[in-house]
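**Q** pasting a predicted model and its sequence here:
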Amino acid sequence: MKKHSETRQTLLAAGSWLWSLFTINLAWFGINFPVILTLILTFSMPNGRVMIPGAVVLVLMLSLFTLPSLVAVFRAVDQWQVNGDGNYARVVLKGWRQALPDFLVNLTLATALMIIVLLLKASVGDVLVRSGLLVWFGALLLVVVARSYLVGLARHDVTLGGFIIANGGKLVLATGVFILLMGINVFLKLAFMILVASVSLAAFISYQLLNGAPVKNEVREK
């Protein structure tokens, strides 16, 4: 009887944990649904004039939806770890709205990401160039993850550069998790995973890697 009760409690705890993960990801997916559709339409087109307007629209959408919503996901994950399991969809939506004023920073990052993506699409067949571009793309994603984590957790006492220098290894792993989970969805066409858990799970794992990350060697803001 005791074993049955413990099993039931374990299942309930697992269900609550998955519900928290799902509600965070569902809110992120709702915010980014137009971005996902535009992304599919834009990059299904051949190289040419039609693709450039789509890329410009995507830059604006990434600036308004994807990058601020990633900050919101980290904020929701942080509150989840502090307050326990629950429905965090509203936390994501609120965090996204609060992150919108950082539009110029997001626009700069989104523009840089899109330029690299366009260059990758244009350099098919040139292994050396594509390898260099992929390195730059990964480095830029690392910056995005680090910034989203710091802003999401309101770590205003730590500079972005100092945080990256002090936690480079952990950030490489965290960025790799994001690339791996999203890459699996793209190549295996697991659309349901994008809806259910991809971004929230990547943020959760990254949070576990970075939470309590050292700050003593970082340059503090005055």
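**A** All right, it came through fine.

**Q** ok, residue 104 - how many residues close by?
**A** For residue 104, the neighbour count with other Cβ atoms under 10 Å is 9. Yep, even glycine has a C-beta here, placed from its N, CA and C like the rest.

**Q** tell me the pLDDT of residue 4.
**A** In this model, residue 4 is scored at 65, pLDDT.

**Q** no wait, residue 25
**A** So residue 25 comes in at 94 (pLDDT).

**Q** surely it is in contact with residue 199?
**A** Yes. Assessed by Cβ atoms under 8 Å, residue 25 is found in contact with residue 199 at 5.7 Å.

**Q** need the residues touching each of those two.
**A** residue 73 (Cβ atoms under 8 Å, 6 or more residues apart in numbering).

**Q** so those two - more neighbours on which side?
**A** More crowded of residue 25 and residue 199, by other Cβ under 10 Å: residue 25, with 27 against 23.

**Q** ok, that one - contacts?
**A** So residue 25 contacts 73, 195-201 (Cβ under 8 Å, 6+ apart).

**Q** so which helix or strand of this structure has the lowest pLDDT on average?
**A** helix 191-196 (a mean of 70; mean pLDDT, DSSP states H and E).

**Q** ok, now how distant is residue 14 from residue 78?
**A** Going from residue 14 to residue 78 by Cβ to Cβ, to the nearest Å gives 21 Å.

**Q** neighbour count: those two, which is higher?
**A** residue 78 (19 against 10).

**Q** ok, that one touching residue 151?
**A** No. Taking contacts as Cβ under 8 Å, residue 78 lies outside contact range of residue 151: 11.1 Å.
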